[in-house]
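A.B. asks: Kindly return the folded structure for what I paste below:
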Amino acid sequence: MNNFHAASRNSSPVLSSSEEWSYMRLNVEQDFSFVVLATLLHFILCETALVAHAVIKLGEMFASFSHLKRHLELADRTVGNFTESTALFLGLLWMYSLFISAQGGGKAGLLYVFFRSMYPVMWSLKGEW
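C.D. replies: Take a look at the predicted model:
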């Protein structure tokens, strides 16, 4: 057990100046491969959603099929959801990975990307299709 955790259990936690901020040091000597993979997969998924949105939007301009309107709503929500969550996801992913654990951040990032890829599927299953 390090001194920070031992001191936090005492009634008056006192840390030396060198130990006080040791848990907030930037740790770049880690394997960031899963974090980079999660970041790349997130951008690929986001770009795929943007391309699908553009294709559906172009299809709507040239045809007035009613099924395109449902697909356009799905594409709008998917792109909108990406726009709302990208900055928060990437910021927190990289801060956690740099300061706490790249392995934990990478695993959490890959799990997020997997569930994020399920958003269009789950949205379309709400019973209106």
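
A.B. asks: Report the rounded mean pLDDT for the helix ranked longest in the chain.
C.D. replies: Longest helix of the chain, by residue count under DSSP state H: helix 66-99. Regarding helix 66-99, the rounded mean pLDDT is 87.

A.B. asks: How about stretch 50-60?
C.D. replies: 81.

A.B. asks: for stretch 109-128, same thing?
C.D. replies: Here the average pLDDT along stretch 109-128 is 86.

A.B. asks: wait, doesn't Lys107 sit right on Val35?
C.D. replies: No - the criterion here is CB atoms under 8 Å, and Lys107 misses it with Val35 at 9.4 Å. In this view, the C-beta of every residue, glycine as well, is placed from N, C-alpha and C.

A.B. asks: of these two, who's got more company?
C.D. replies: More crowded of Lys107 and Val35, by other CB atoms under 10 Å: Val35, with 25 against 14.
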